[in-house]
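coordinates only, sequence not included:
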């Protein structure tokens with residue numbers, strides 16, 4: 001049985017799961033504010049077909065998403081979409097809706113074969 005990755009594993013693996021073709025031409029800062037026992041704040045800077053992750057809160061992100069640590073894991077693992085999380089009031093966001101809707105295309109799911 002596969003075990004879910006931790007928040008730290010997901011964050012550390014995001015740059016390697018980044019899909020530059022899906023984010024072609026994008027210049028954005030994606031802020032993640034995760035609550036819960038293993039919650040944390042981090043942001044992804046996407047520019048020039050690269051993704052760089054940093055811990056903390058950015059002063060002027062393009063898009064900010066707030067959710068619990070478990071909702072984030074469920075989204076990454078494909079058990080719930082961002083739209084479902086939003087409509088279930090498990091996710092709130094501030095920023096362009098078009099970017100929020102496309103976000104899942106920018107990162108492939110974690111490989112849990114290890």
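Received, thanks. Remember, it's a predicted structure, so these values are computed and weren't measured experimentally.

ok now do the residue most central in space within the chain, which residues does it touch?
Residue closest to the average C-alpha location in the chain (Cα atoms, centre = their mean): residue 32, at 6.5 Å. With contact set as Cβ atoms under 8 Å, 6 or more residues apart in numbering, residue 32 has these partners: 41, 42, 43, 44, 65, 72. To be clear about C-beta, it is placed using only N, CA and C from the backbone, and glycine gets the same treatment.

Specify the beta-bridge partners of the first one.
By that I understand residue 41. For residue 41, the beta-bridge partners are residue 33 (DSSP bridges).

quick one, what contacts it?
So residue 41 contacts 31, 32, 33, 34, 55, 56, 57 (Cβ under 8 Å, 6+ apart).

swap in the fourth one?
Listed by Cβ under 8 Å, 6+ apart, the contact set of residue 44 reads 14, 29, 30, 32, 51, 52, 53.

Identify those among these that sit within strands.
Residues of the contacts of residue 44 located in strands (DSSP state E): 29, 30, 32, 51, 52, 53.

Throw these into a markdown table and include pLDDT and distance to residue 91, thanks.
Formatted as a markdown table, the ones in strands among the contacts of residue 44 follow (pLDDT from 0 to 100; distance: Cβ to Cβ, whole Å):
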| residue | pLDDT | distance to residue 91 |
| --- | --- | --- |
| 29 | 97 | 18 |
| 30 | 96 | 13 |
| 32 | 96 | 11 |
| 51 | 95 | 20 |
| 52 | 95 | 23 |
| 53 | 94 | 19 |
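
Need those in a markdown table (columns: distance to residue 105).
Putting the ones in strands among the contacts of residue 44 into a markdown table (distance: Cβ to Cβ, whole Å) gives the following:
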| residue | distance to residue 105 |
| --- | --- |
| 29 | 17 |
| 30 | 13 |
| 32 | 16 |
| 51 | 13 |
| 52 | 18 |
| 53 | 18 |
